[in-house]
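Participant: here's my sequence, what's the structure:
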Amino acid sequence: MVDDLNSRESVRRKALWTLSHLIPGDPKAAAIVDILDEIEGQERVDLNRNHQSLGIDAVRKAVLIERHSTGISIVREAGIPQPWRERFLQASIGSTRLVDGPYAHDWENFLTQWQAEMKHLDAHRSAR
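Facilitator: Got it, this is the predicted structure:
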């Protein structure tokens, strides 16, 4: 499938966006769910190899939100552990941000949306 993290997360993002428009049980979803299953399988292999895995709650706690000199809360990209950083960047393509980092509310919205997307994906898996 896809070997590098950037490409893998790009494919995952496109698949999740496509899946979001389909109701669980829709026959058109099967191929998309297969792609997402394959990506998750690759990710498990990578995580076993690298011995690192942060769940969404742990990553939420790990990423520091800081007040920028403009008064806006931001997160520093370097402070977001992989693969979460790449997931966030793929989901944020085209979003406005400060030079020093993305807006904290965009990070928080991403995490909330990620949970909703995973719940929707689980519903599709259950409908198969």
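Participant: the closest residue to Leu111 other than its chain neighbours is in what secondary structure piece?
Facilitator: Sequence neighbours aside, Arg60 is the residue nearest to Leu111 in space, at 5.7 Å (criterion: CB to CB, 6 or more residues apart in numbering). Using the backbone N, CA and C atoms, a C-beta is placed for each residue, glycine as well. In the assignment (DSSP states H and E), Arg60 maps to helix 56-62.
Participant: number of nearby residues for Gly71?
Facilitator: Neighbour count of Gly71, defined by other CB atoms under 10 Å: 6.
Participant: gap between it and Gln113?
Facilitator: 25 Å (CB to CB, to the nearest Å).
Participant: please apply the same query to Tyr103.
Facilitator: In terms of CB to CB, Tyr103 sits 14 Å off from Gln113.
Participant: okay, these two: which has more neighbours?
Facilitator: Per other CB under 10 Å, whichever of Tyr103 and Gln113 has more neighbours is Tyr103, with 19 against 13.
Participant: ok, that one - contacts?
Facilitator: Going by CB atoms under 8 Å, 6 or more residues apart in numbering, Tyr103 touches Ile72, Ser73, Ile74, Ser95, Thr96, Arg97.
Participant: so where do the helices sit in this protein?
Facilitator: In the chain, the helices defined using DSSP state H lie at 5-19, 29-50, 56-62, 84-91, 104-127.
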